[in-house]
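Asks: Sequence first, predicted model second:
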Amino acid sequence: MERATLADLTDIDCDYRGFGEVRLIQARATYLLLEAKTSKQITRFEVEGKDTCPAVLNYSPDDRPGHIYEKMDSEKIIEALRPYVEGEAH
């Protein structure tokens with residue numbers, strides 16, 4: 001499965017005590033599900049991030065970020081893949 005990630009600046013500011021506000025960058029990824037044997041594309045879907053600020057901001061005092069990326073929503077990815085993993089019950 002391939003993934004190409006795009007990011008957009010949001011209007012969400014994450015407030016980290018002692019550091020201040022950091023603008024959240026929205027994560028959005030396009031996934032391609034390929035058949036292993038033939039590399040034929042089975043499906044393509046896009047998933048957006050969680051729209052929430054990460055709980056922790058890791059940085060060095062000399063390299064303080066002005067932006068922070070949100071995390072991908074693994075539950076959305078699982079739901080998009082579920083029909084291809086579980087299939088129909090027989």
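Replies: Looks like it arrived, so ask away.

Asks: Could you report the distance from the most centrally placed residue in the chain to L33?
Replies: Centroid-nearest residue in the chain, with C-alpha atoms, centre = their mean: M72, separated by 2.3 Å. For M72, the distance to L33 (C-beta to C-beta, to the nearest Å) stands at 16 Å. For every residue, glycine as well, the C-beta is placed using N, CA and C.

Asks: And I42, by the same measure?
Replies: Applying C-beta to C-beta, the value for I42 to L33 is 5 Å.

Asks: Would you mind telling me which of these two has more residues around it?
Replies: L33 (15 against 11; other C-beta atoms under 10 Å).

Asks: Mind listing the residues bridging to that one?
Replies: Note on L33: beta-bridge partners T43, judged by DSSP bridges.

Asks: ranges for the strands of this protein?
Replies: Ranges of strands in the chain, per DSSP state E, are 2-16, 20-34, 41-48, 67-69.

Asks: which one of those strands lies closest to K76?
Replies: strand 41-48 (4.7 Å; C-beta to C-beta).

Asks: okay, the angle between that closest one and strand 20-34?
Replies: Relative orientation of strand 41-48 and strand 20-34, computed by axes from the mean of the first three to the mean of the last three C-alpha atoms, to 10 degrees: 170 degrees.
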